[in-house]
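Asks: Provide a 3D model corresponding to the input given below.
(one chain, ligands or ions: 1)
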Amino acid sequence: MSAVLELADVTVRRGQATLLDRVTWVVKDGERWVVLGPNGAGKTTLLQVAAAQLYPTSGAVGILGELLGTIDVFELRPRIGVSSAAVAERIPRGETVRDLVVSASYAVLGRWNEEYDDLDHARADGLLREVGVAHLADRTFGTLSEGERKRVQIARALMTDPELLLLDEPGGGLDLGGREDLVSTLSVLAYDPASPATVLVSHHVEEIPPGFTHVLMLRDGRVVAAGPIEETMDASVLSATFGMPLSLEHVDGRYAARRRHRHR
Ligand SMILES: Nc1ncnc2c1ncn2[C@@H]1O[C@H](COP(=O)(O)OP(=O)(O)OP(=O)(O)O)[C@@H](O)[C@H]1O
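Replies: Next comes the predicted model:
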């Protein structure tokens with residue numbers, strides 16, 4: 001399996017703050033990673049580096065076989081699908097859902113070709129179906145609920161057939177039902193061998209979709225643990241990551257964590 005993402009000793013500093021501290025991490029083709037950590041751990045910063053949007057202060061970053069700093073990022077970025085709050089903010093509220101998904105490919109390829117038009121629309125409709133929002137294709141983005149918006153963003157991120165999919169907190173702001181629906185959708189994507197290598201950032205173990213294969217835990221910009229999820233995820237590593245004593249359950253492929261209280 002070839003490396004889709006390769007970080008060697010990556011440090012990101014802003015003024016006095018160290019956002020990432022000597023992070024070494026390899027994501028291979030076919031892997032589905034969850035990046036877990038508390039607020040401020042550096043998860044979004046890590047994802048920005050992976051998306052070729054941020055250069056590290058030191059260290060080396062390989063993305064899809066290219067070394068960051070030696071290649072044109074405008075050629076690299078179209079090969080990466082990103083869904084994040086920052087991307088969502090730039091989405092025009094008046095755009096219809098179908099146009100929004102289809103336009104991802106126009107933005108990337110910079111073309112308008114009647115011949116491809118039907119194919120692109122069929123692909124967009126297929127992706128909207130895959131993430132469970134085909135019925136919303138004619139609605140405008142601004143009228144959607146938070147959960148519906150997250151799904152549309154994932155469809156848009158997949159439209160260009162990326163080789164790497166980066167999802168920053170897709171479960172943020174969702175209610176219980178919305179979260180459960182999204183976890184199911186992401187689980188279907190994770191089990192699909194045609195899906196790209198995926199990195200999902202989250203604060204909550206409850207949001208880890210079955211089918212995700214690896215976990216990286218971050219605290220204060222440092223990797224606490226990283227590896228295959230079944231071997232890596234346990235109560236002590238999770239407690240160290242979140243800085244409190246936690247118990248961890250793993251039932252039917254899903255994780256649940258809560259604070260451990262001392263019994264008197
Ligand atoms: N320009 C900056 N200057 C100084 N500190 C910064 C700067 N940008 C981000 N930070 C800090 O870096 C840390 C990591 O931020 P980051 O957004 O990567 O964390 P995160 O794990 O995604 O957090 P959250 O879960 O709250 O979204 C935070 O403490 C943040 O305040």
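Asks: residue 261: how many residues sit nearby?
Replies: Counted with other Cβ atoms under 10 Å, the neighbours of residue 261 add up to 8. Where C-beta positions appear, they are placed from N, C-alpha and C, glycine not excepted.
Asks: what's stretch 17-27 in contact with?
Replies: Contacts to stretch 17-27, defined as Cβ atoms under 8 Å, 6 or more residues apart in numbering, come from residues 3-13, 33, 42, 45-46, 49-50, 56, 59, 164, 197, 199, 214, 216, 218, 220-223, 226.
Asks: pretty sure residue 195 contacts residue 165?
Replies: Yes - counting by Cβ atoms under 8 Å, residue 165 is a contact partner of residue 195 at 7.2 Å.
Asks: so which of the two has more stuff around it?
Replies: Taking neighbours as other Cβ under 10 Å, residue 195 and residue 165 compare with residue 165 leading, 21 against 18.
Asks: tell me what whichever strand or helix holds the more buried one is packed against?
Replies: Using DSSP states H and E, residue 165 sits in strand 164-168. Judged by 3 or more Cβ pairs under 8 Å, 6 or more residues apart in numbering; DSSP states H and E, the packing partners of strand 164-168 are helix 43-50, strand 80-83, helix 146-159, strand 197-202.
Asks: the ligand is nearest to which of the ones you listed?
Replies: The closest of those to the ligand is helix 43-50. By Cβ to the nearest ligand atom, the value is 3.3 Å.
Asks: neighbours of residue 88, just the number please.
Replies: 16.
Asks: hmm, I was thinking of residue 128
Replies: Neighbours of residue 128 under the rule other Cβ under 10 Å: 24.
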